[in-house]
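Q: just to be clear, the model below is a prediction. Sequence and coordinates:
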Amino acid sequence: MKLSTFDLTRYLFLFTIAVLAVFGVGSLLRITVNPDQMFLYVFYAVAMFGDALAMLLCVWSLQKRMKFAFHISIFVLVINILSAIFDQFGLVDLLFVLFNIATLIFLFLTRKELLPA
């Protein structure tokens, strides 16, 4: 079974969505450990769920071959990369940035398939 570049791009998006959802739930679970930081954990969880939702909309619009999907997906990925770089940078951030860069590369490789001539 050989995956197309488009399928690989979608799977990278979906993997990142799953990771964001897990981290969002993890942030909500940390409220019980440190209730003094409740606002911060809720903010992080909402940000992660919002990012996962934006990426899910990108996957859906790419699948439907909507005209604006390619450009919106690039925008979401670039925002993800920049927001992770300009924060406290650790191993998790590095992996997140690398997955977003890989997704961005594969998205560019599928641009002929997604954009009308």
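A: Looks like it came in fine.
Q: mind listing what's buried in the helix or strand bottoming out on mean pLDDT in the chain?
A: The helix or strand of the chain with the poorest confidence is helix 111-114; it has a mean of 85 (mean pLDDT, DSSP states H and E). For helix 111-114, burial by neighbour count (16 or more other Cβ atoms under 10 Å) applies to residue 114. Glycine gets a C-beta too; all of them are placed from N, C-alpha and C.
Q: cool, and stretch 11-31?
A: For stretch 11-31, by 16+ other Cβ under 10 Å, it's 12-13, 16-17, 19-21, 23-24, 27-28, 30-31.
Q: with adjacent residues omitted, what lies nearest to residue 20?
A: Spatial nearest neighbour of residue 20, excluding adjacent residues (Cβ to Cβ, 6 or more residues apart in numbering): residue 52 at 4.0 Å.
Q: so that neighbour is in contact with residue 22, correct?
A: No: assessed by Cβ atoms under 8 Å, residue 52 is found out of contact with residue 22, at 9.7 Å.
Q: residue furthest from the geometric center of the chain?
A: Centroid-distance maximum for the chain: residue 36 at 28.6 Å, with Cα atoms, centre = their mean.
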